[in-house]
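sequence first, predicted model second:
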Amino acid sequence: MKIKSFPTLILVVYIVLIFLLTCIPGSSFPQSRFLAQNDKIVHFVEYAILGFLFINALESDKRNLRGLLIIVICLIIIPFIDENIQRFIPGRFPDVADGIVDIIGGVIGAIVRFRIR
């Protein structure tokens, strides 16, 4: 497994962005009917991009099971942390369903990137 530097930088910036958005208090978050009605779609797309970026940061000529396992573990841990941070943010609440959609989106995003390799 070899890490590409620029795609890894993009991945890290994206993860930081996810956590920064999580830290916005509920009252400061822009009210949007679209976001309210399509919350799960937004979560799915957000984490599908994350999964895509994880695979993009992994450079390998062959299928690297260890690297893929690490990515899947990260795609489970990051949504867990993301949802739990919300416990401490005023007006934000953790949601198990959001976490599940995050994980599914991340894994599907990773699979899509892996398949178009």
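Happy to help now that I have it. Source: prediction; values computed, not measured.

could you use CA atoms for every contact and neighbour count after this?
Fine.

spell out the secondary structure type for Phe93.
Three-state call for Phe93 (DSSP: H, G, I helix; E, B strand; the rest coil): coil.

just checking, Val45 touches Val107?
No. Between Val45 and Val107 there is no contact under Cα atoms under 8 Å: 11.2 Å.

give me the more crowded residue out of these two.
With neighbours defined as other Cα atoms under 10 Å, Val45 and Val107 compare such that Val107 has more, 24 against 18.

quick check: chain neighbours aside, which residue is closest to the more buried one?
Distances taken as Cα to Cα, 6 or more residues apart in numbering put Gly51 closest to Val107, at 5.9 Å, once the chain neighbours are dropped.

can you tell me which residues contact the one you found?
Residues near Gly51 by Cα atoms under 8 Å, 6 or more residues apart in numbering: Ile71, Leu75, Gly105, Gly106, Val107, Ile108, Gly109, Ala110, Ile111, Arg113.
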